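1. Provided below are the primary sequence and the corresponding predicted coordinates.
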Amino acid sequence: MKKNLKKETQILNVLYETAHAEFGSALEMLAACKKCDSPSTAFGYFHHAKDEYNHANTFFSILKPKAKNVVVSKARELRFKPYSVITKGYVSPKGFLIEFMHLKDFIAFVYTNELLANSSFQKMLTLLGKKTEDGEKISKIMEDELTHHGMAKKHFLKYYPALQPWQLRLYKTREHIKNNGRKFYDKNLKLLEILFKPLYLSFSYFIGKIISFLNLNEFNREGKNLMDISQKSIL
């Protein structure tokens, strides 16, 4: 029973994180579309953004019925929060990648992250089951991710023919480390919340108790001449 519960929790967390990652990618692609000078390239970015938005929607649609079977507190944690794409590290608070990255590095980011996404979806298929309805939805998304990867690779070969394979592997390793860093940060953020929540709740309780013993008549100024208030008054 505990094993099944652990697996269900793992599935919920993976779906939740992946949905935010796809939503973050959609925002990045839309920003790239708006920054692009070439109409054909802008068109490609726009369709990439549309795919990522649809992927995020698909993951949340898979997540929604599963979240109904968990306790209310956990279900609340699984609500979609747009700002979480920043706190989780999927979008930088400094701005979108296209705004401060060299175009070559940005294309490399797309190239490598589509491969990493496809790899993580393979693991998700194992959890959900390849032959299930949810598994078929994930498989369709994986096809889109490989298409995006192929488009980025085509762009590389056309505009950066001197780029060596080892450089692409370096890009992939760097993004893999960043992804693991995001997961580590998110896990530790939740751990710190668990540790410090009792402390600040206790602090709030004791402050409330202290305030309840204070004489608040000092603050009642109704019907009084403010010129007659003592100079020693806190107001």
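-> Looks like it arrived, so ask away. Owing to the predicted nature of the structure, the values given are computational and were not obtained by experimental measurement.

2. what sits against Cys36?
-> Contact partners of Cys36, counting by Cβ atoms under 8 Å, 6 or more residues apart in numbering, are Ala42, Tyr45. Every C-beta, even on glycine, is put in place using the N, C-alpha and C of the backbone.

3. Kindly recompute the last result at 10 Å.
-> For Cys36, the contact set (Cβ atoms under 10 Å, 6 or more residues apart in numbering) comprises Ala42, Phe43, Gly44, Tyr45, Phe46, Ile98, Leu103.

4. Quick check: pLDDT value at the fourth one.
-> Pointing back at Tyr45 there. pLDDT, Tyr45: 89.

5. In three-state terms, how would it be classified?
-> Under DSSP: H, G, I helix; E, B strand; the rest coil, Tyr45 falls in the helix class.

6. ok, the residue nearest to it when sequence neighbours are not counted to Lys153 distance?
-> Excluding the flanking residues, the one nearest Tyr45 by Cβ to Cβ, 6 or more residues apart in numbering is Cys33, at 3.8 Å. Look at Cys33 and Lys153: by Cβ to Cβ, to the nearest Å, they are 19 Å apart.

7. for the chain, where's the lowest mean pLDDT among helices and strands?
-> Ranking every helix and strand in the chain by mean pLDDT, DSSP states H and E puts helix 165-212 at the bottom, with a mean of 64.

8. Can you tell me the SS state at Phe80?
-> Judged by three-state DSSP, the three-state class of Phe80 is coil.

9. How about it, nearest residue that isn't a chain neighbour?
-> Phe80's closest residue in space is Phe60 (Cβ to Cβ, 6+ apart), at 6.1 Å.

10. just Phe96 next, same as before
-> Among residues not flanking Phe96 along the chain, Ala31 sits closest, at 3.7 Å (Cβ to Cβ, 6+ apart).

11. Give me the below-cutoff pLDDT ranges for the chain.
-> The chain contains residues with pLDDT under 70 at 1-5, 161-197, 200-201, 203-206, 208-235.

12. let's see 90
-> For the chain, applying pLDDT under 90 flags the ranges 1-18, 21, 35-45, 62-95, 97-98, 100-235.

13. show me where it has helices.
-> Here the chain has its helices, by DSSP state H, at 2-35, 39-67, 72-77, 84-87, 97-100, 103-128, 133-159, 165-212.
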